[in-house]
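Asks: predicted model, plus sequence, below.
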Amino acid sequence: MTLNRRRLLSHATLAGAALAAGLPMGRAWADGGKPVRILVGFPPGGGTDAIARLLADKLKDVLGVSVIVENRPGAGGQIAAQALKAAPADGTTVFLTHDHTISILPQVVKNPGFDPERDFVSVGGVATFVNAFAVSGGTPARSFDDYVAWVKQQGGGKSAVGIPAPASTPEFLVKLLGERYRIDLVSAPYRGSAPMIGDMLGNQIAAGVGSVPDFLENHKAGKLRIVAVLGDRRQGALPDVPTFGELGLKGFEDLPYYGFYAPAGTPARFVQQFSDALAKVIAQREVHAHLVALGLTVTPMTPQQLTTRERAYTQAWTRIIRSSGFQPQ
């Protein structure tokens, strides 16, 4: 028997034994030498990227294979979602994203190039979070009311507010805030939160809307100020920051989420084993603490729970988007 044949037989025997013994599928992947890719639809340096890299570092130990983060930024996660759809359904590619790509994009873009229900399968949920309104250090505002008063004092009462992506939850929030407070706010879309925050730090733009994880580090450093958050309660990382509900703006209590998805057709065994590995990683004390420090509410979800969460959030925003009169572009 040749050496190559012996190696092939040995690898096949080890893989079969691992599966028969119920060991993590990662053992079988390790024999094939294929790493797991985590697609991220936003640039390095943003909140989603930070979460992906934290989890990838720990997942490699639980799965027994290399886990790499691959950024495919652009169009609010649309490019990464299309890449997931095109990826082989062999358990080597997953997509970490938040609500915008899964629940909002298909409602605001006529042809996004993917259908979450048809093209993806839920793998597991990580956390929920809230969006926040922040002002740059160059503004005098110390509260949201201060910001409204400051905008009204500007010539014409017009102010641009940065948003991480066009036709996103933040854009609808900016529109509603403008109507509610009778100020002429204009959304300024960016390709992700990182460039938006860069302009806020440079005082190129006075305010922005994004997730708490996007803003939290710079808020703590005093480089910008979070002045209000969405959700039904104040955030543990921001006990002094009021909710928009407290300020009189209701209807934004449903929380967005972070979750993992795989291409449709991915074997159910992989989905379950990756979900189990994800739950083990999230349960680690240091990982849990790090996620909380990023401004997240750690909420492990099974594939079924993530699907339920996604559908409820999608339905809530369907009502908001339709009532706004927005037409898909």
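Replies: Looks like it arrived, so ask away. Numbering: from 1, shown residues only.

Asks: ends of stretch 109-121, how far apart?
Replies: 21 Å (CA to CA, to the nearest Å).

Asks: can you start the count at 14 instead of 1 from here on
Replies: All right, first residue 14 from here; so that's stretch 122-134.

Asks: that one: which residues count as buried?
Replies: By neighbour count on 16 or more other CB atoms under 10 Å, the buried set for stretch 122-134 is Val122, Pro125, Phe127, Pro129, Asp132, Phe133, Val134. All C-beta atoms are positioned from the backbone trio N, CA, C, and that covers glycine.

Asks: restricted to strands, list these.
Replies: Per DSSP state E, strands hold the following members of the buried residues of stretch 122-134: Phe133, Val134.

Asks: of the buried residues of stretch 122-134, which is the nearest to Phe157?
Replies: Minimum distance to Phe157 across those is 30.2 Å, recorded for Val122 (CB to CB).

Asks: surely that closest one and Pro341 touch.
Replies: Yes. Judged on CB atoms under 8 Å, Val122 makes contact with Pro341 at a distance of 6.1 Å.

Asks: what is the mean pLDDT for stretch 125-132?
Replies: Stretch 125-132 carries an average pLDDT of 96.

Asks: quick check: buried residues in stretch 275-284?
Replies: For stretch 275-284, burial by neighbour count (16+ other CB under 10 Å) applies to Ala275, Pro276, Thr279, Phe283, Val284.

Asks: so how far is Ile239 from the first one?
Replies: Which is Ala275. Plainly put, Ala275 is 34 Å away from Ile239 if you go by CB to CB, to the nearest Å.

Asks: can you check the pLDDT for Asp103?
Replies: Value for Asp103, per-residue pLDDT: 94.

Asks: an error on my part: the question was meant for Arg20.
Replies: Here the pLDDT value assigned to Arg20 is 37.

Asks: then Ile51?
Replies: On the pLDDT scale, Ile51 gets 98.

Asks: which ones are touching it?
Replies: Ala65, Leu68, Ala69, Val80, Ile81, Val82, Glu83, Val107, Phe108, Leu109, Phe273 (CB atoms under 8 Å, 6 or more residues apart in numbering).

Asks: which of the three states applies to it?
Replies: What DSSP: H, G, I helix; E, B strand; the rest coil gives for Ile51 is strand.

Asks: same check, this time on Leu268
Replies: Leu268 falls in the coil class when you classify it by three-state DSSP.

Asks: what sits closest to it if chain neighbours are left out?
Replies: Thr141 (4.1 Å; CB to CB, 6 or more residues apart in numbering).

Asks: partner residues bridging that neighbour?
Replies: Note on Thr141: beta-bridge partners by DSSP bridges are Tyr270, Thr310.

Asks: how many residues are close by it?
Replies: Here the number of neighbours of Thr141 (other CB atoms under 10 Å) works out to 21.

Asks: relative to Ala94, how far out is the residue nearest the centre of the chain?
Replies: Note on the chain: the residue nearest the mean C-alpha position is His111, at 2.9 Å, using CA atoms, centre = their mean. For His111, the distance to Ala94 (CB to CB) stands at 12 Å.

Asks: next one: Ala207
Replies: Separation of Ala207 from Ala94 (CB to CB): 19 Å.

Asks: Asp267 contacts Ala325, correct?
Replies: Yes. Here Asp267 lies in contact with Ala325, judged by CB under 8 Å, at a distance of 7.1 Å.

Asks: compare neighbour counts for the two and give me the winner.
Replies: It is Asp267, of Asp267 and Ala325, that has more neighbours when counted by other CB under 10 Å, with 18 against 13.

Asks: test for you: state the pLDDT assigned to the more buried one.
Replies: So, for Asp267, pLDDT stands at 71.

Asks: so what's it up against?
Replies: Asp267 neighbours (CB under 8 Å, 6+ apart): Ala325, Tyr326, Ala329, Trp330.

Asks: phi, psi of it?
Replies: phi -70, psi 130 (degrees, to the nearest 10).

Asks: could you do Leu260 as well?
Replies: Per-residue torsions, Leu260: phi -90, psi 0 (degrees, to the nearest 10).

Asks: enumerate every residue touching it.
Replies: Per CB under 8 Å, 6+ apart, neighbours of Leu260: Phe157, Asp158, Ala241.

Asks: list the contacts for the first one?
Replies: Phe157 makes contacts with Phe146, Val240, Ala241, Pro255, Leu260, as judged by CB under 8 Å, 6+ apart.

Asks: try 6 Å this time
Replies: By CB atoms under 6 Å, 6 or more residues apart in numbering, Phe157 lies in contact with Val240, Ala241.
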